[in-house]
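Chemist: Okay, here's the prediction I keep looking at, along with the sequence it came from:
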Amino acid sequence: MKIAVITDDGKTISQHFGRAQYYLVATVENGKIVSREQRDKLGHTYFVNQPHEEEQPGQPHGMDAASHNKHLQMAKAIADCEALLCRGMGMGAYESMKTRGIRPVVTDIASVDEAVMAYVEGNIVDQVERLH
């Protein structure tokens, strides 16, 4: 099983999906992390010069078609992962990950290893109230 985590330092889970620089992909076998791989992650700065659609009033962040396309591009690097752990993300990114077949989980656990193991053990809580 491969689990992706957004991170800037490889040790802690970043607060914001769009701004994080990397994915840390943990491979878990027999209930233990057997390898870690840091992968580059497209972020807001990558898309800064691309056209940006205006968000509709009352619509959650990142729910427009252009944002969905950007989120799918961000997900390419972790297409082999079953889950994505983060500490905050927009509703649009959350929904886009699900359409890609990646389970997004918003957690308050800061430690990469602790969060990965909580996911593996089924003890992680998806805190959707942290979506924006």
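Modeler: Received it, and whenever you're ready, just let me know what you need.

Chemist: which strands and helices sit next to the lowest-mean-pLDDT helix or strand in the chain?
Modeler: Scoring the helices and strands of the chain by mean pLDDT, DSSP states H and E places helix 65-75 at the bottom, with a mean of 83. If you count contacts as 3 or more Cβ pairs under 8 Å, 6 or more residues apart in numbering; DSSP states H and E, helix 65-75 packs onto helix 91-99. (Each C-beta comes from the backbone N, C-alpha and C, glycine too.)

Chemist: Taking helix 65-75 as reference, get the angle to the helix it packs on.
Modeler: Compare the direction of helix 91-99 with that of helix 65-75 by axes from the mean of the first three to the mean of the last three Cα atoms, to 10 degrees and you get 60 degrees.

Chemist: which of the residues in the very next helix or strand once past helix 91-99 are buried?
Modeler: Where DSSP states H and E defines the elements, the next helix or strand beyond helix 91-99 is strand 103-106. Residues of strand 103-106 classed as buried by neighbour count (16 or more other Cβ atoms under 10 Å): 104-106.

Chemist: quick one: contacts of strand 103-106?
Modeler: Outside strand 103-106, the residues within contact range by Cβ atoms under 8 Å, 6 or more residues apart in numbering are 82-89, 93-94, 97-98, 119, 124, 126-128, 130-131.

Chemist: Tell me if I'm right that residue 116 and residue 3 touch.
Modeler: Yes: between residue 116 and residue 3 there is a contact under Cβ atoms under 8 Å: 5.3 Å.

Chemist: Give the residues shared as contacts by the two.
Modeler: Here residue 116 and residue 3 have 26, 28, 85 as joint contacts, going by Cβ under 8 Å, 6+ apart.

Chemist: among the residues you listed, who's most crowded?
Modeler: residue 85 (27 neighbours; other Cβ atoms under 10 Å).

Chemist: coming back round to it: now intersect the shared contacts of residue 116 and residue 3 with the strands, please.
Modeler: Of the positions in these, 26, 28, 85 sit in strands, assigned by DSSP state E.

Chemist: list the contacts for the spatially closest residue to the second one that is not a sequence neighbour?
Modeler: I take that to be residue 28. In space, and not counting its chain neighbours, residue 28 is closest to residue 1: 4.8 Å by Cβ to Cβ, 6 or more residues apart in numbering. Residue 1 sits next to 27-29, 82, 120 when contact means Cβ under 8 Å, 6+ apart.
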